[in-house]
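Novice: the sequence isn't on hand, but the structure is:
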Ligand code: SAM
Ligand code: SF4
């Protein structure tokens, strides 16, 4: 139901555009095609033109990413590390000498996908190629991966990415069992070279790990404790990105608004937002994901004061029932969550609100589900990402009684999604005739058809007779609406 919103959750990516950064960024002329058939193009700057140093060619790598935007961005950094070591990226595992999977274990299905990929190599021996598992499944399963897939030689969790160059050195030297599985590191994952997938919108992780302890969630285990990146380092990178032509930056963190500047400056999250928006050349600043408990008035005040701060907040609620929220250890009640919504709704310009919801948590009753449905009605979310509860290893909820059968979870998910569908249908129909500014990010194979994002993070497909719109900001008038999407035409 979150289709109109490109928040990137649940995406399976394998980008084909290249950029190298640390302020230095390259983007190739390759194109990627998204799930709607829109083509996203690079701009064709070479690493060498920008001073990116490459060592002698080492071989080729294939990198596939599963999961959330933080994983997408980690992969951009991993690709940067590999490119700077002299590797070249290829589009298929068959033509790669180094095959890496950056994995997600948030739900069981995501974790299973990786083992099915690895299984493919069991059937065809890896014939000298190096295979590595990175990210959350690596952290969660650890050395067990070597037992299940003996052809894997590198297992590295996200908290150890800063050690990736030395781990790769060991693998390149022929070591068969190389691991990076520490989570007790203070370091955030900053790389001298980052290869960015999108030529206009850049991700920037400002906080790694998570100190919350939601009882269903594997992230604190797989990504380790919360570590915030120094504000001066963030601002330096934003200025470099702006110099390179990026006009939109998206600040990332599992609980992005829990940001705690480790420097003497002690910038608050809202101050950081304003400082990022101040960088010359930056036109839009986004942030995700916000945790309700740390969502404060000053964030909305900042959005009010600075139009470059996008009018969208992703504020996962997970359940509308205080009883379930307690069992989930979400640190707020239904009423407290609604107070946060009231703060957002009191903003001077309308702010779109999106959320995540889990159904079928152990002990959830029909009454609890009704409370979630009434919360949807009360908030009228612009989009919702909904999930069936998936028991995960190392999480407290694994041992909870009153598990809900899969079939019942599916039934509840259906009810929830139908409710949100009604809300979106009504909301979208009121938008016909409105005009939005879009950052154009895609061109359809169909003549004169484009797509772009609004500040409130809606995707709108639109028609225009103009050429070469990619990366530009245009005004688009909405002419059509479905529950899942909007369409329009370029306004004069
Ligand atoms: N840190 C964010 C927050 O606090 O909301 C989100 C992190 S998680 C990557 C994204 C979403 O996955 C969560 O908001 C939650 O709805 C869902 N999720 C996490 N663990 C889950 C589980 N065990 N079963 C089903 N959904 C889960
Ligand atoms: Fe997981 Fe909760 Fe942390 Fe989000 S806040 S990453 S759901 S533990």
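Specialist: Noted; the coordinates are in hand. Since the model is a prediction, treat every value here as computed from it, not as a measurement. Ligands and ions are numbered 1, 2, ... in the order given.

Novice: ligand 1 contacts on the protein?
Specialist: Counting by C-beta under 6 Å from any ligand atom, the residues of the chain lying close to ligand 1 are 68, 106-107, 216-217, 219, 254-255, 289, 291, 316, 318, 356, 358, 387, 389-390, 392. The C-beta positions use only the backbone N, C-alpha and C, and glycine is treated the same way.

Novice: next step: these restricted to helices.
Specialist: With DSSP state H as the criterion, helices contain residue 219 from among the residues of the chain next to ligand 1.

Novice: ok, and the closest non-adjacent residue to the single nearest residue of the stretch 351-492 of the chain relative to ligand 2?
Specialist: Nearest residue of the stretch 351-492 of the chain to ligand 2, counting by C-beta to the nearest ligand atom: residue 356, 8.1 Å away. Distances taken as C-beta to C-beta, 6 or more residues apart in numbering place residue 316 nearest to residue 356, at 3.7 Å, with adjacent residues excluded.

Novice: same deal with residue 348?
Specialist: Using C-beta to C-beta, 6+ apart and skipping residues adjacent in sequence, the residue nearest residue 348 is residue 304, 4.7 Å away.

Novice: is it true that the one you found touches residue 349?
Specialist: Yes - using C-beta atoms under 8 Å as the test, residue 304 is close enough to residue 349 to be in contact (7.3 Å).

Novice: can you map out the helices along the stretch 1-150 of the chain?
Specialist: When secondary structure is read from DSSP state H, counting those that start in this stretch, the stretch 1-150 of the chain shows helices at 69-84, 108-123, 136-141, 144-148.

Novice: figure out which of those is closest to residue 229.
Specialist: Nearest of the helices of the stretch 1-150 of the chain to residue 229, taken as C-beta to C-beta: helix 69-84 at 12.4 Å.

Novice: can the closest one be found next to ligand 2?
Specialist: No - on the criterion C-beta under 6 Å from any ligand atom, helix 69-84 is out of touch with ligand 2, staying 9.6 Å away.

Novice: the inter-axis angle of that helix versus helix 108-123?
Specialist: Helix 69-84 and helix 108-123 are oriented at 30 degrees to each other (axes from the mean of the first three to the mean of the last three C-alpha atoms, to 10 degrees).

Novice: pLDDT of helix 69-84, averaged?
Specialist: Helix 69-84 shows an average pLDDT of 92 in the prediction.

Novice: for it, packing partners?
Specialist: Applying 3 or more C-beta pairs under 8 Å, 6 or more residues apart in numbering; DSSP states H and E, one finds that helix 69-84 contacts strand 11-13, strand 59-67, strand 87-89, strand 98-103, strand 130-135, helix 164-172, strand 201-205, strand 248-252.

Novice: cutoff 7 Å now
Specialist: Judged by 3 or more C-beta pairs under 7 Å, 6 or more residues apart in numbering; DSSP states H and E, the packing partners of helix 69-84 are strand 59-67, strand 98-103, strand 130-135, helix 164-172, strand 201-205, strand 248-252.

Novice: just want the angle from that helix to strand 130-135.
Specialist: Using the same axes, to 10 degrees: helix 69-84 against strand 130-135 is 150 degrees.

Novice: pLDDT below threshold where in this protein?
Specialist: Within the chain, the stretches falling below the threshold (pLDDT under 70) are 1-57, 122-126, 184-189.

Novice: what does it put close to ligand 2?
Specialist: 210, 212, 214, 217, 219-220, 254-255, 291.

Novice: same thing but at 5 Å, please
Specialist: Near ligand 2, the residues belonging to the chain are 210, 212, 214, 217, 219, 254 when assessed by C-beta under 5 Å from any ligand atom.

Novice: for the residues you listed, give me JSON lines that also has neighbour count.
Specialist: JSON lines is the format used below for the residues of the chain next to ligand 2 (neighbours: other C-beta atoms under 10 Å):
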{"residue": "210", "neighbour count": "21"}
{"residue": "212", "neighbour count": "17"}
{"residue": "214", "neighbour count": "21"}
{"residue": "217", "neighbour count": "23"}
{"residue": "219", "neighbour count": "23"}
{"residue": "254", "neighbour count": "22"}
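
Novice: of the residues you listed, which pair is most distant in space?
Specialist: The two members of these with the most space between them (C-beta to C-beta) are 214 and 254, at 10.1 Å.

Novice: returning to that earlier point: wait, the residue of the stretch 351-492 of the chain closest to ligand 2 sits on residue 328?
Specialist: No - using C-beta atoms under 7 Å, residue 356 is not in contact with residue 328; the gap is 11.7 Å.

Novice: what's the burial count for the residue of the stretch 351-492 of the chain closest to ligand 2?
Specialist: Using other C-beta atoms under 10 Å, the number of residues around residue 356 comes to 17.

Novice: OK, contacts around it?
Specialist: With contacts defined as C-beta atoms under 7 Å, 6 or more residues apart in numbering, the neighbours of residue 356 are 316, 318, 385.

Novice: with residue 263 instead?
Specialist: Residues in contact with residue 263, defined by C-beta under 7 Å, 6+ apart, are 230-232.

Novice: residue 258 against residue 292, yeah?
Specialist: No - with contacts defined as C-beta under 7 Å, residue 258 does not count as touching residue 292, sitting 11.1 Å away.

Novice: which of these two has more neighbours?
Specialist: Set side by side, residue 258 and residue 292 show more neighbours around residue 292, with 22 against 19, by other C-beta under 10 Å.

Novice: I'd like to know how far that one sits from residue 316.
Specialist: 8 Å (C-beta to C-beta, to the nearest Å).

Novice: would you state the helices of the stretch 351-492 of the chain in chain order?
Specialist: Counting by DSSP H, counting those that start in this stretch, one finds helices in the stretch 351-492 of the chain at the ranges 366-379, 406-429.

Novice: tabulate those helices (JSON lines), appending mean neighbour count.
Specialist: Below are those laid out as JSON lines (neighbours: other C-beta under 10 Å):
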{"stretch": "helix 366-379", "mean neighbour count": "17"}
{"stretch": "helix 406-429", "mean neighbour count": "16"}
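
Novice: please tabulate those helices in TSV, including the columns distance to residue 336.
Specialist: Output for these, formatted as TSV (distance: least, C-beta to C-beta, whole Å):
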stretch	distance to residue 336
helix 366-379	12
helix 406-429	21
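
Novice: quick one: closest of the ones you listed to residue 153.
Specialist: The closest approach between residue 153 and any of the helices of the stretch 351-492 of the chain, judged by C-beta to C-beta, belongs to helix 406-429 at 35.9 Å.

Novice: returning to what we had before: using JSON lines, please lay out the helices and strands packed on helix 69-84 together with mean neighbour count.
Specialist: As requested, these are exported to JSON lines (neighbours: other C-beta under 10 Å):
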{"stretch": "strand 59-67", "mean neighbour count": "22"}
{"stretch": "strand 98-103", "mean neighbour count": "26"}
{"stretch": "strand 130-135", "mean neighbour count": "25"}
{"stretch": "helix 164-172", "mean neighbour count": "17"}
{"stretch": "strand 201-205", "mean neighbour count": "22"}
{"stretch": "strand 248-252", "mean neighbour count": "23"}
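
Novice: state the distance from the residue sitting nearest the centre point of the chain to residue 395.
Specialist: The central residue of the chain, meaning the one whose C-alpha is nearest the mean C-alpha position (C-alpha atoms, centre = their mean), is residue 69 at 1.6 Å. When C-beta to C-beta is applied, the distance between residue 69 and residue 395 equals 22 Å.
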